[in-house]
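K.L.:
here you go, sequence then predicted model.
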Amino acid sequence: MLQKKSFLFAIILFFAVKLHAQVPDSIPPFHKFKDYELGATFSRDSLNKDHKQVFILYDAGCGHCQELGHQFAKAIPELDSLVDYYFIAMQEKPLVEGYINMFAKELKNYSNVKFLHDPEGEFILKFHPKNFPATYIYDRKSSKLLFQIDGESKVAKMLPFLKKQEE
């Protein structure tokens, strides 16, 4: 029953956001996420300002989300270690653990990847996604939006923003 309420809440928020909201051009303030592993609150102040930030809103049961998680798991060894990845879901921990173990197990080995719980739909209200999965890549120095995509997506499209850069 709780799962149905969460899903219904997400649908209502999506429609509300679609009516009048645009994707923020810089990382918006947020403070209600929880780290699935540690249980600690995670906010914008928790971000490493020296790294690019990638936020991925996903649903553990979404096929496109599962495929994207799998692609990230395969690509992560080749990606820049100065990029932090935040996989954000509204589902409870057992569903997220199932998602990780079936589609993204390799990501558990990387300290720059975190799985976050969004129990109140704050991500939807702050970032204004239109579909699952929703991916946002922000610059490390300016926190400005570099890339955003809603719905079916491929890691290959994001590689220009995620590969190791020569400085």
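P.N.:
Cool, got the structure. Remember, predicted model here, so these are calculated numbers, not experimental data.

K.L.:
tell me the contacts of the closest residue to residue 29 other than its chain neighbours?
P.N.:
Spatial nearest neighbour of residue 29, excluding adjacent residues (Cβ to Cβ, 6 or more residues apart in numbering): residue 44 at 5.2 Å. Placement of C-beta: from N, CA and C, glycine included. Counting by Cβ atoms under 8 Å, 6 or more residues apart in numbering, residue 44 touches 27, 28, 29, 30, 31.

K.L.:
tell me the pLDDT of residue 44.
P.N.:
Residue 44 is assigned 94 on the pLDDT scale.

K.L.:
would you mind measuring from it to residue 136?
P.N.:
Here the criterion is Cβ to Cβ, to the nearest Å. By it, residue 44 lies 13 Å from residue 136.

K.L.:
just residue 66 next, same as before
P.N.:
Residue 66 is 19 Å from residue 136, by Cβ to Cβ.

K.L.:
can you list contacts of stretch 147-162?
P.N.:
23, 52, 54, 64, 67-68, 71-72, 75, 79-80, 83, 129-137, 146.
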